[in-house]
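> any chance you could fold what I've pasted below:
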Amino acid sequence: MVEAAAPGPAGRGPARRGPADDESPPLLVIAGDIGGTSSRLVLALLDGAVIAEAEGPGANLRSSGAEAFDHVAEATREVLERGRLALGGPGEVAAVALGISGAGPARAAEVQHAVGARLRELGIEAARILITDDLHTAFLAGGVGDDGLLVLAGTGAVAVRFHDRQAVARRDGMGWLLGDIGSAVWLGRRTLEAVAADLDGRGPRTRLTEEIGGVLGLDLRAGRLPPSRTGDPRQDLIRALDEQLPAGAPAALGRFAPVPGRIPEDPVARRILDTVITHVLDTVEALDPQAELPVVLAGSVLTGPGPIHDEVAAGLRAARRSLSVAPTGLPGALLLAREQAGGALR
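I've put the predicted structure just below:
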């Protein structure tokens, strides 16, 4: 069992078949960019185009729980089926390379075992599977070579210096409880804390309160339109978060991450944004004080439109640093999958 294709210079769509293809199934690779909130997989011909794609929920063990690995298996099954339909028949998966958020050294063996067991049920041998963290694939997707800095802020946040593709220094990436400063979860949490402080009189008044009320469908300021369900906007906020945020899934806090960037003129929102921007620039300076290495920005917080991306990019350019933006780690995962296939087929 298995099916078709992947991104490559040939572009999208099935590659032409030669006489040999009539006798044996085409060789395929699967590449995946598995973040904390969403996953994207592609199926490609070993040396040709992407022929199938699939998307699914995130799969970070820390922020999404153990069912994260079931999401990976389901997305793989879906991309294989779409590939089979696109090719008009089965293919042979020569290699799989998945960059998975949270698959760093602390949990690498656990992630490798769990994902390998699930993909084995789809007919993919463990020897053909390469599991790495999404930092490795994101850095390679930047196209800056084998040496440089990666600064990633998505569901989590981390900065890594790479030499010969190996991580040799690292800042943060310690998870939402211990760090991940500037991540979507961090931004969402700080935004909600500012709103709670406003409502409770412990902090300054901020337009973040109205913005979060709009996201949650609440009138947090006056409790009139719609009418307060509890008679106390503070309790309305607590109740709405209890109802709308899944227990044990802090990644859901990332839903509120874009809010400060919508109102950068608000002093409280501005302080949250400035904390992130300053942290990123200070981190880059700490990892490469001589400004010798190219910098790859990755993750939705740093690659999406808005003041964080714009001001971080401006700060890096002002320091005369070379900058690359990698909105997805898929190109890096695809590179690794093709390299893995070469080794597996020897």
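> that's a strand at I131, yeah?
Yes - I131: assigned to a strand according to DSSP: H, G, I helix; E, B strand; the rest coil.
> ok, for it, nearest residue in space, not its chain neighbours?
Q112 (4.7 Å; Cβ to Cβ, 6 or more residues apart in numbering). C-betas here are computed from N, CA, C, even on glycine.
> separation between that neighbour and I100?
9 Å (Cβ to Cβ, to the nearest Å).
> mind listing the shared neighbours of the two?
The contact sets of Q112 and I100 overlap at I131 (Cβ atoms under 8 Å, 6 or more residues apart in numbering).
> before we move on, back to that, which element, helix or strand, includes the residue nearest to I131?
Following DSSP states H and E, one finds Q112 within helix 108-120.
> which other helices and strands does that helix contact?
helix 68-87, strand 92-100, strand 129-133 (3 or more Cβ pairs under 8 Å, 6 or more residues apart in numbering; DSSP states H and E).
> swap in 6 Å and give it another go.
helix 68-87, strand 129-133 (3 or more Cβ pairs under 6 Å, 6 or more residues apart in numbering; DSSP states H and E).
> ranges for the strands of the stretch 151-300 of the chain?
Applying DSSP state E, counting those that start in this stretch to the stretch 151-300 of the chain gives strands spanning 157-163, 166-172, 295-298.
> so V296 is in contact with G142, correct?
Yes - counting by Cβ atoms under 6 Å, V296 does reach G142; the two are 3.2 Å apart.
> so what sits against both of those two?
Counting by Cβ atoms under 6 Å, 6 or more residues apart in numbering, the shared contacts of V296 and G142 are 324, 326.
> and stretch 280-291, which residues are buried?
280-281, 283-284, 287-288 (16 or more other Cβ atoms under 10 Å).
> same deal with stretch 49-56?
In stretch 49-56, counting by 16+ other Cβ under 10 Å, buried: 49-54, 56.
> run through the bridge partners of A169.
Taking DSSP bridges as the rule, A169 bridges to R161.
> between V296 and G142, which one's more packed in?
V296 (28 against 23; other Cβ atoms under 10 Å).
> could you dump the helices and strands packed on helix 108-120 into CSV with distance to P267 added?
As requested, the helices and strands packed on helix 108-120 are exported to CSV (distance: least, Cβ to Cβ, whole Å):
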stretch, distance to P267
helix 68-87, 38
strand 129-133, 37
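> please work out which of the strands of the stretch 151-300 of the chain is packed deepest.
Among the strands of the stretch 151-300 of the chain, strand 295-298 has the highest mean neighbour count (mean count of other Cβ atoms under 10 Å), at a mean of 27.
> for the closest residue to L187 other than its chain neighbours, give me its contacts.
Nearest residue to L187, sequence neighbours excluded (Cβ to Cβ, 6+ apart): A257, at 3.9 Å. Contacts for A257 were tallied using Cβ under 6 Å, 6+ apart; they are 184, 187-188.
> please report phi then psi for the residue lying closest to G217 once chain neighbours are set aside.
Leaving aside its chain neighbours, G217 sits nearest to P226 (7.0 Å; criterion: Cβ to Cβ, 6+ apart). Phi and psi for P226, reported as degrees, to the nearest 10, are phi -70, psi 160.
> against G248, how distant is P226?
Taking Cβ to Cβ, one finds P226 at 29 Å from G248.
> outside of stretch 223-234, which residues touch it?
The list of residues contacting stretch 223-234 from outside it, by Cβ under 6 Å, 6+ apart, reads 199, 219-220, 236.
> got it, and stretch 258-278?
182, 190-191, 194, 204, 206-208, 211, 306-308, 311-312.
> that one: how far from the chain's middle?
22 Å (Cα atoms, centre = their mean, to the nearest Å).
> same question for stretch 24-37.
With Cα atoms, centre = their mean as the basis, stretch 24-37 stands 16 Å off its chain's centre.
> how is this structure carved up into domains?
19-139+330-344, 147-321 (automatic domain parsing).
> weakest of those by average pLDDT?
Lowest mean pLDDT of those: domain 19-139+330-344, a mean of 87.
> quick one: that one to chain centroid distance?
15 Å.
> how many residues are close by D219?
17.
> please renumber the chain so that the first residue is 57 from this point on.
From this message on, residue numbering opens at 57, which makes the last subject D275.
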